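1. next one to model:
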Amino acid sequence: MTAERGSLARAAMPQESVTSLDIGRRVVALVDDDLTVAALRVGLASLGGDFELVRGNVHDAIRMFEKEMPPQALIVDIAGVENPLAALDDLARVCPPYVRVFVIGETADISFYRLLVRDIGVSEYLAKPVTRDAVFSVLLPRLGGVTTEQSDRRGGHLVVICGARGGVGTSSIALNLAYEIMTSVKGHVALLDLHVQGGEIALMAGARPGPGLRTALEDATRVDSLFLERASIALEPRLRLIASEDAFGTRPTITEAGVTGVIGLLQAKFNFIIADIPMPPPPAMMRAVALARQVVTVLTPDVASLRDTQNIRQVVADVAGADRMISVLNRADMKGGIERTLIDKALGGAPDVSIPELGRGMLEAINLGIPAINRVPSLRRHLAPLVREIAGIKPPSADPSWWRRMFGR
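-> Numbering: from 1, shown residues only. Presented below is the predicted three-dimensional model:
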């Protein structure tokens with residue numbers, strides 16, 4: 001990189017200490033792939049009319065600056081551009097000094113990040129695949145958006161999974177998602193079943209839980225260094241199940257302090273925590289929703305599921321913000337189900353993930369106490385968009401054309 005390039009770019013792309021001029025608080029994004037479009041549309045939805053999303057890349061941004069009034073902030077895509085640094089130089093020549101520039105590209109190398117942020121002076125750089133969580137946690141605060149309470153970013157990534165109603169397949173998705181994240185990321189995963197009575201994940205995994213989880217949820221002082229040894233079951237070397245199996249005649253007295261303590265300990269020990277919670281959650285478990293990076297709602301194509309999904313959305317929006325929601329339509333093509341156009345209309349858009357009926361292998365896996373992905377390999381492909389959004393990676397088994405169809409808007 002030449003000295004001229006650095007000086008030109010810094011002149012047009014200042015550091016965060018530069019205040020904006022007296023112009024409208026307008027953010028324009030020019031990106032060129034369906035996944036990033038979907039992530040930005042959801043992650044920056046709170047900006048409302050201040051946000052404009054356009055199909056394009058850095059070259060289109062240059063042409064925009066030559067003809068139109070500049071925005072206060074620009075999000076620009078350099079993926080696929082033959083010489084991105086030269087293109088950023090060209091952008092610098094037409095980009096006013098007060099415009100903050102955020103760059104999205106394909107290179108994940110730290111030296112490239114430092115080159116853009118330190119030498120060229122862009123405000124932030126995100127490598128693809130860009131998830132809505134990354135947009136919400138990295139871009140939105142820098143763009144002046146309102147942030148909500150989140151778990152400690154140094155701790156494990158908490159994902160809450162809930163069913164719109166009983167029998168929609170929530171526990172099965174939670175179990176197989178945990179396996180997929182463990183396999184894809186090679187990280188340590190905790191699978192937390194907060195259904196202390198009638199929980200199904202242990203049954204599906206062929207495991208027999210003890211009373212440790214219920215004890216910890218009732219009494220926060222019991223969440224100590226020995227908790228995991230007493231309450232967790234190793235399903236794989238990097239996957240542990242924390243569950244309970246209380247009889248229906250018992251009356252658990254779950255406390256918010258207990259829930260917070262259990263989640264806090266798991267976040268300190270694991271990279272990802274997949275928590276299956278009842279809906280509507282008991283008041284003490286609302287803390288899990290507030291701490292979650294994503295809240296995954298599973299529904300089936302029936303009237304009751306659609307109604308309850310709307311109720312769940314309101315609960316999550318009140319506690320954690322609507323941007324955290326991911327909808328999964330399970331058994332999407334089941335006989336007698338509601339037509340897809342009606343589902344999209346009721347949800348206000350297409351479900352984020354759609355999983356069809358996958359045959360008797362799903363039930364056989366439950367009866368055998370094994371993960372369904374080992375019995376029904378196609379499930380892995382259908383979970384790929386969910387893994388990508390949560391873990392920020394694209395599983396190698398995913399079909400790119402299928403991804404485009406799934407996340408196209």
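2. okay, CA-based contacts and neighbour counts for the rest of this
-> Fine.
3. what's the span of stretch 333-341 from first residue to last?
-> Terminal residues of stretch 333-341 lie 12 Å apart, using CA to CA, to the nearest Å.
4. I misspoke; the intended subject was stretch 112-128.
-> Its first and final residues considered, stretch 112-128 spans 13 Å by CA to CA.
5. buried ones in it, by neighbour count?
-> Buried residues in stretch 112-128, defined by neighbour count with 16 or more other CA atoms under 10 Å: 113, 116-117, 119-128.
6. check the offset of that stretch from the chain's centre.
-> Distance of stretch 112-128 from its chain centroid, counting by CA atoms, centre = their mean, to the nearest Å, is 23 Å.
7. again, but for stretch 299-313
-> Centroid separation between stretch 299-313 and its chain, computed with CA atoms, centre = their mean, is 20 Å.
8. same deal with stretch 383-395?
-> Computed by CA atoms, centre = their mean, the chain-centroid distance of stretch 383-395 equals 8 Å.
9. would you mind writing the CA trace of that stretch as CSV?
-> Output in CSV follows, covering the C-alpha atoms of stretch 383-395 (Å, rounded to 0.1, in the frame of the first residue of the first chain):
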residue,chain,number,x,y,z
LEU,A,383,-30.2,-26.8,9.6
ALA,A,384,-27.3,-25.1,7.7
PRO,A,385,-28.9,-21.6,7.6
LEU,A,386,-29.5,-21.8,11.3
VAL,A,387,-25.9,-22.9,12.0
ARG,A,388,-24.6,-20.1,9.8
GLU,A,389,-26.7,-17.4,11.5
ILE,A,390,-25.7,-18.6,15.0
ALA,A,391,-22.1,-19.5,14.5
GLY,A,392,-21.3,-17.0,11.8
ILE,A,393,-19.9,-19.7,9.4
LYS,A,394,-21.2,-21.4,6.4
PRO,A,395,-21.3,-25.2,6.9
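10. coming back round to it: biggest separation within the buried residues of stretch 112-128, which pair?
-> 119 and 128 (21.1 Å; CA to CA).
11. tell me the SS of residue 160?
-> When classified by DSSP: H, G, I helix; E, B strand; the rest coil, residue 160 comes out as strand.
12. residue contacts, it?
-> Neighbour list for residue 160: 274, 275, 276, 277, 288, 289, 292, 294, 295, 296 [criterion: CA atoms under 8 Å, 6 or more residues apart in numbering].
13. my guess is the fifth one contacts residue 259. True?
-> Going back to what we said before, that points to residue 288. Yes - if you go by CA atoms under 8 Å, residue 288 and residue 259 touch, sitting 7.2 Å apart.
14. residue 274: what secondary structure?
-> Classification of residue 274 by three-state DSSP places it in strand.
15. look up how far residue 139 lies from it.
-> Residue 274 is 25 Å from residue 139, by CA to CA.
16. what about residue 223, neighbour count?
-> 24 (other CA atoms under 10 Å).
17. wait, it touches residue 213, no?
-> No - counting by CA under 8 Å, residue 213 is not a contact partner of residue 223; they are 9.0 Å apart.
18. which residues touch residue 70?
-> Shown in contact with residue 70 (CA under 8 Å, 6+ apart): 64, 95, 96, 99.
19. and the helices in the stretch 251-400 of the chain?
-> Secondary structure of the stretch 251-400 of the chain (DSSP state H, counting those that start in this stretch): helices located at 256-269, 286-291, 303-319, 340-347, 361-368, 372-375, 378-391, 400-407.
20. that'll do, ta.
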